[in-house]
Structure formats: structure tokens, C-alpha cells
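S.K.: build me a model:
(2 chains)
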Amino acid sequence: MIHSIAQKEFVSTLRDRRFVVLSGLVLALLLAATLVGRASYRSLQQERELAQGTVNEQFRNQPARHPHRVAHYGSFAFRPKSGLSLLDAGVDTYTGSVVYLEAHQQNSVNFSQAQQSGSLIRFGEMTVAFVLQLLVPLLIIFLCFGAFTQERETGMLKLLLSQGVSLRQVAWGKIRGLSQAVALVVAPALGLAAALLFTGEEFAAGPDLLLRLLLFGLSYALYFFLFVVGSVVVSARQASSRAALVTLLGLWILGCIILPKATANLGASLYPTTTKAQMDAQVHEQAQHGINGHDPHDQRAAALKAALLKQYGVDSEEKLPVSVAGLQMAAGEAYSAKVYQQHFAALNATYQRQNRLSDWAGLLNPYQAIRPLSMGLAGSDFAHYVHFQQAAEAYRYMLVQRLNHLQAGMGYGDKERRLDARTWRELPVFAYHAPTLGWAWPHLLLPLAALLLWGVGLSWLGLRLISTTSVT
Amino acid sequence: MHTFRILFSAEWHHFRAAKGLVLLCGLLLATGLYGIYYGTTEIERQRQHLATLPELTRRNIAELKEKFPGPADAGDIGYYHSTFAVHHPDSWAALSLGLRDVNPTYVKLRLLGLQNQLYAADNTNPMKTLSGNFDLAFVLVYLFPLLIIALSFNLLSGEREEGVLPLLLAQPVRPAVVVGAKLAFRLVLVLTLALLLSVVGMLWAGVPPDGRVASWLVLTTLYCLFWLGVVLVVAGLQRPSAVNAVSLLGVWLLLVVLVPSLLNLGVAAARPVPQGIALTIQQREEIHAGWDRPKAQTMSRFFALYPQWRDTTTIRERFAWRWYYAFQHLGDLAVARQAAAYAQGLQQRYDLVEKLNLLSPAISAQSSLNALAGTDLPTHLQFQRSAERHHDALRAFYYPFLFRRVAFTHADYAQEPTHTFISAPELTTVQHGLLKLLLSVALVHLLGLGLLCVRPVTPR
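M.R.: The predicted model follows:
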């Protein structure tokens, strides 16, 4: 019986002209978003790869220079786009794409796409995730708001129940039929996206990408299922189709427009952060005077020199086989990098506290569960961005320290000399490896749990509500 | 006129009886107040952050005075000394935050090459900037249309479905007066809320009482009128309430969500911006090549631009600050064309949006409110130009010390040029926005009235 109800629901939905028009629109938007996403992915990726290649070549082809000059010449780290970011751009638009790596200081990641457009960007971006997260639920609402109310208004529900079917069975049948109709709209677009991802040469189609894509598809399936069940439940509990529609649209506006913005703003108000200028000043202060304020930079430098003289058993700097300046530079870099890392970790912890509020809101609002889950799977969330920042900093630190030790090895009077051009070719260039799903997993647990909880809760509680609903 | 008044007051009684709608208005009022609260605290927070910057400069100077107790080489000071070019918000910014959280509100400047300092980003939480600002402009542009839809999707259809319409039309009253009274009531209600919130916002933010007050109020009124016009059109089609609700929400979705995001894609494709990345890379190449080039070559290129410093002594030593700062500046000049093209490209993107935003009154309204508050891209570009001029002033201040080799004393710190920049409104954008909204309002109302004339109101 459930099967025939599902079949009837599926067929009658397909025959509904409004459904055909709306789903055609959504499908067209999904396809357009996929193609546009790929085009923008390609151009950004090419641009960044080209730029990374250029700066790497520039670094390797430097003339004979003093290593500290090279440390100030530095390099750039460009953030490659993750393959799935063509489906969900996440925070990528609002994060910078390149960071300048140089001695002594950690620079900001600059040139975000949001800075390159006017406030139009604030209306939202047309990506696959945008269509899936906001527009498909609307389609589902339009599809399902009359599921029960119409049957009741036309008196069909009584007839159905007189056949010996329970309300619960009717509900399951409707949910199944409507879910099939939704799948028919969404699956082709996701299929195309998957095909694009796995046939394009530019994507490294490994098991990690496959697994991410699979989970991506499954979580959206669950998300849509929630909306189907939720709409059917609301339809069963409301007296009229009009009331059901208005309630569902109200919930959509609250969950998809108002709450995400409100929680993000509230989080930012609750946990204030400092500016980059303040942070840099504090880092400088602590690097100069010691983290505890009792260990100034000059004393540390003098102590290092004294220790070196003692270690080599000589009485003056000239007789040392190493450059004191180079080793002092290395020690200073180690100290300031440590101070910086502390501040950076504190800043990111504050940001995570700000975002936690929105993540917890996922327990109340499925949109705020699918959003972090989707961008986490796509590799375009805040955690992946921080991963890049840290990889860039790790490379910067390694590079600067290699150069400092090259300087140290030049011995006394290094400032008057240069190292051969060959030296720079032996240093590694920046290569970023995006983290695997295993790394990203802990960040995704809360939103995934929230989504699953919704699924179980709604199926259980919602259907209990339906079975107690009135027939007329 | 008398019938109109009766109908109007009947609407009022209906509204008071509909607890849901009263609650909705109350909620929107509360949301608007939160928007005002958020906007003002956000701007206050930005102000506090900006207020700490002079203190950072003072600490930097104190440190330098300790490091160089006597008269110092100005080259050392220029290298270690940093000041800030600061973009102060206008008080209007609290009502429409625009891009103030996306673009940095200050630039830290040293005497070194400008181009690798100008684009430094500030600390931001990208999740927060992605979610956007919950300011009064958001409430007005995004949420007010939804309130209007909720209040009026069953303007005529509700009466028809409840069977009241046949009774009503049986009275000696023209259908146009019925529709007019119903719309007028909703207009009064919505405008009361919108203008009340705007006035509260203005008082809260402490805006100066100038022409912008009127502009804001007129913009808000026109935008609400536009949405009531859309309601009129949909009511004129005389379909059932559920269809009306779906159509109205469809229009909202189209104008507030789809058109802006599609326009964004189109503009990005039509006006590709020469990447800022390329210019910073090239500037680094130029500056670092300066170390390897013969000093005489660098200096003669510099003197060609600044002949006033030509008679200074030839550099024979391994390092001289004036040579160092000369090639820093030459590095900037080498990419001046790209830098100008980058800023121009961004401005062109904005201008193209301005041309095309007639497609959606929501974009017109939002960009006019941002322009009024001075929080959009053009203001940021102006700030960057002003930071550039400040950097020029700093160079002009330090060059006499460097080229005449005058010692830099503790008293000279106070002589250093300072920078102030306060957002100015983009009044032409506001005027264009007003005109565009007026045009849209006229268009939908004419269409709605035409529909009512063509299709007389049927009781069933």
C-alpha cells in the first residue's frame, strides 16, 4: 500500500505543471552553477598555479646574494582551490588567496575575491551549494505543503483510511513518492558535477575526493529528506493548505535567512578579537622583551654570543668558525615565531568560539548543520583555510631558518660576501597538500551529528505527530 | 472618501484581531532594533579598534627614542617607524555597514615601497563575513518585503476565500476603492514601521541632521512602495491565496536573491580584474633588483623624477639609506600602471553593477543605502588613494633628512605628517538610486492599475 501511495504521489507530482516549471528552473540553475563554478575554479586555479610557478622560478633563479637578502626577498604562497570547492565555495570568497613569506614577520593572506567586488557579493553567490541549501528546500516546500491538507480538503484522506491504511503508512508513502520526485531534479546535476570532477584533467581524482563527494551527496540527500518529512508533518498538522504553506515559508525564512546571520553576528559580539595591528605590536613587544617580560632580545643575543665564544674556546668573534649574526638571527626567528604562533592560536581559538555558536545552532536549524558540513567536505571551510595558513607559515619558518643557518656557516664577516646563485636552487619551493578527509573529520562531527539527529528525531517524532492528527 | 475611511478602519480592526500578524510586526520591529543595535555596536567596535592605533604609533616612537637616544639617521627611523592611515566611519555607517568588515579599515605604513603595504588584510573571521551583517539596511532591504508579502498575499483572495468579497462588492462601493483602502492601510502600517525604525536608527547612531536624512527616508519609502506595487500586480491577477503567496515569494526570490547573485557572476565575467597578485610580485622583483643594480643607475633614474635632490653627494659607501629609499620608490613607480589598472578595474565592476541594478530594486536600494553611508567599494578605493597620498607626504617629509643628511631628532617625530580620512557619501549614486526606485515604483503601480482596469474584480 505504501508503495502505491508513493507511486501515485510521484506520478501526480510529475504531471503537475508547476512542479515541472519550478524543477526545470532549479535544474537549470544547478547546471549553470556547476558550469560557472567549474569555469571560475579553472581560471582561479590556473592563475594561482601560474603565479606560484613564477615566484618559484624567480626564487630559484636569484643571482649570488647574501642569504639574509634572500630571506627578505622571500617568496609567496598561493592557496590552491580544492576540487570540490567548485560545488561549495564556502568561505573561499572571503579569505585571501596569497601570503607573502619573508623574514621576521608573518603577513596576512591578501586579495580575497570579496574585496574585488562591490556590496553585490553580500546578496550571496550562485554556487551549487547555494542552490542545494536554499532553493531546493523551497522547491520541496512548494511540492509538499499540500500533501495532507489537500487530501483532507478534497475528502480523499477519509477514503484512503477506510481502505485500512494507517495515517503513518500514508505519510511514509507520500514521503517516499515526493523524495523520488526531488531526487529526479537533483540527481542529474550532482551526476554532472561528479562527471566533471572525475573527467577533468585538473582534478586529482583520488579516493579522498571520491569519499568526500560521496559524503557530500549523502548529506544533501539527508538534508532534502528532512525537508520532505518536515513539510509533510507540517502539512498534516495544519488546518489548511494556506496555513501549511505560510508556516513552512516562515520557517524557511527564519532558518535560511535570519538565524545564520544572527548567530554569526552574535558570536562576533560575544567573543571580541584584536586587529592585526594590535596583534603585531604585541608580538613585537614580546619578541623584544621576552614572553614573560624578563628576557629581552638584546640579553638573549648577548648570551648566545658568550655561549658561542665559550663553546669554541675563543676570545673574539673574528676567531669563530660561524657567523654570530646568523645564529642570532636564527634564535630571534625561533623566538618570534613561537610568540606569533601563540597569538595566532589564540586568535583562531576565538574565531572558533564565534563560529561554534552557529555550529550549535545546527541542532535547531538544519541549514546551519548542512552549511558547515558541506563546506568542510568541499575543503572550503575555515578549518581548511587555517590549515593553509599554517602550512604557509611552516614553510616560511623552514625557509628562513635554512637561510639563517647558511648565513651562520659563512663565518665571521659574512655581510661582505654572497652565496653562489646555485644555492637557491637547492632550497625547496612551497608545495601545498590539501588535508585529507581524515584530518577534516573532527570538524565535521558536530554538524553531521546534528543532521543525523534531525533525521532520526523528525522521522520518529514527526510521524508520531502525524498518527495523532485529525482526519477531517 | 467616507467609504474609504470605513474600509480603512475595518482593515485596522482586522489587523488587530489577527494575532499572528501583530506578532509578526512586533517581531520585525524587534529584529530592526537588533539590527540597529548590532550596527551601532559594530561601528563602535571599529572606532575603538581605530582609536588604539595612535597608541601603537606612540609606543613605536617611544621604543625608537630609546633605541636612538641622540640625533639619528632618518633612514633608520623611516625603516623602523610605522604609522597608520585610518579610514574612520561616518556615523551613517552604523545603519548600513556595507563592506566595512570585508575591506581593512586601516593601513600600516612605513617609508618602504607602498604597493606591498597597501593591500594588507586585517584579521577577520571569514565565516562571519560570509554570513554578512545584520544591520538596519538588511532588515529594510531583505525582511521588509517579506513583511509586506505576509501582510498582503491574501489582499483580495483572502476575502474571496472567506466569502466576504461578494457581500462587500454587493455594497455601493467601487472595487478600486476596496483595493485602495486595503493597500493604503498596509502602506501606512509598513511605512510607520520602516520610518520609525529608520528614525530610531538615526537617533541611536547620532547622524548629523542634513539632506541625507531625507534621502534615507525617501529611499525607504520608495522601496516599500515598490513592494506594495508588486502586491498590487499579483492581487490584480486574482488568483487563490496559495498561488499569490508562491508568486510573491517567487518575485522576492528573483529580485533579492537570484538576480543579484547572477548579476555578480555576469559582472565578474564581463569585467575581469587584472590581479593584484601580479603587481605585488612585480614590485618585489623591481625593489630587490635595486640591490643588484649599480647605485649610479638607480640614483640617476630617481633624480630624473626628483631633480630637487640632484646636487646631493655621490654614494660611494656599500649602503646608504637615500639609495635604499630611492629604489623602494622606483619599485612602486614600476608598477604604477598596474596598480592604477587594478583600482580602475574594481571601479569599473562597481560602475557596471550601477548600470545594471535597474534589474532589481533590491540592489538599487542596498547600494544606495551603502553609498549614503559611505561603506561601499568606491569609498574604500578613495581611502586607498588617500593612504597613497599620505605615503607621498611621508616621503616628502623624510627626503630632506635623507638627501641633505640632516639628523633626525626627537622633536622631529611630532612634525611628521598625519593622516585622517572619514568616509564621504556617494551622493550621485544615491540620486541615481532614488531615480531608479522611482521608475520601478511607477512601473509596477501602472502595471497593477492596468491589470485592475483590464480584469474587473470578480467576487468568486
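S.K.: what about residue A:221, how many neighbours?
M.R.: 16 (other Cβ atoms under 10 Å in any protein chain shown). All C-beta spots, glycine's among them, are computed from the backbone N, C-alpha and C.
S.K.: separation between it and residue A:156?
M.R.: Distance, residue A:221 to residue A:156, by Cβ to Cβ, to the nearest Å: 29 Å.
S.K.: and the strands in chain B, which stretches?
M.R.: In chain B, the strands defined using DSSP state E lie at B:83-88, B:106-109, B:421-422.
S.K.: quick one, which of those strands is nearest to residue B:415?
M.R.: Residue B:415 lies closest to strand B:83-88 among those, at 12.7 Å (Cβ to Cβ).
S.K.: ok, residue A:53 to chain B distance?
M.R.: 11 Å (Cβ to the nearest Cβ, to the nearest Å).
S.K.: I misspoke; the intended subject was residue A:251.
M.R.: 13 Å.
S.K.: now do residue A:358
M.R.: For residue A:358 relative to chain B (Cβ to the nearest Cβ), the value is 7 Å.
S.K.: what sits against that residue?
M.R.: The contact partners of residue A:358, by Cβ atoms under 8 Å, 6 or more residues apart in numbering or on different chains, come to A:260, A:263-264, A:267, A:368, A:372, B:127, B:131.
S.K.: pull the most distant pair out of the residues you listed.
M.R.: A:267 and A:372 (12.9 Å).
S.K.: find residues that contact each of these two.
M.R.: With Cβ under 8 Å, 6+ apart as the test, residue A:267 and residue A:372 both reach A:355, A:358.
S.K.: gap between the lengthiest helix in chain A and the chain center?
M.R.: If you go by DSSP state H, chain A has its longest helix at helix A:17-60. Offset of helix A:17-60 from its chain centre (Cα atoms, centre = their mean, to the nearest Å): 16 Å.
S.K.: by contact count, what packs against the next helix or strand after that helix?
M.R.: Using DSSP states H and E, the helix or strand that follows helix A:17-60 in sequence is helix A:67-73. In terms of contacts (3 or more Cβ pairs under 8 Å, 6 or more residues apart in numbering or on different chains; DSSP states H and E), helix A:67-73 is packed against helix A:324-361, helix A:382-409, helix B:276-292.
S.K.: which one of those helices lies closest to residue B:379?
M.R.: So among these, helix B:276-292 is nearest, using Cβ to Cβ, at 18.3 Å.
S.K.: hmm, the closest one touching chain A?
M.R.: Yes. Shown here: helix B:276-292 in contact with chain A (Cβ under 8 Å from any Cβ of the partner chain) through B:276-278, B:280-281, B:284-285, B:288, B:291-292.
S.K.: and if you look at stretch B:214-225?
M.R.: No. Using Cβ under 8 Å from any Cβ, we find that stretch B:214-225 stays clear of chain A, coming within 14.9 Å at best.
S.K.: hmm, who's touching that stretch?
M.R.: Residues contacting stretch B:214-225 (Cβ under 8 Å, 6+ apart): B:95, B:140-141, B:144, B:148, B:187, B:190-191, B:194-195, B:198, B:202, B:361, B:365, B:368-369, B:372, B:430, B:433-434, B:437-438, B:441, B:445.
S.K.: which of those fall within helices?
M.R.: B:144, B:148, B:187, B:190-191, B:194-195, B:198, B:202, B:361, B:365, B:368-369, B:372, B:430, B:433-434, B:437-438, B:441, B:445.
S.K.: whichever of these end up buried, select them in PyMOL.
M.R.: In PyMOL syntax, the buried subset of these is picked out as below (16 or more other Cβ atoms under 10 Å in any protein chain shown):
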select buried, chain B and resi 144+148+187+190+191+194+198+202+361+365+368+369+372+430+433+434+437+441+445
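S.K.: can I get the helices and strands packed on helix A:67-73 in a markdown table including distance to residue B:183?
M.R.: Below are these laid out as a markdown table (distance: least, Cβ to Cβ, whole Å):
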| stretch | distance to residue B:183 |
| --- | --- |
| helix A:324-361 | 37 |
| helix A:382-409 | 46 |
| helix B:276-292 | 50 |
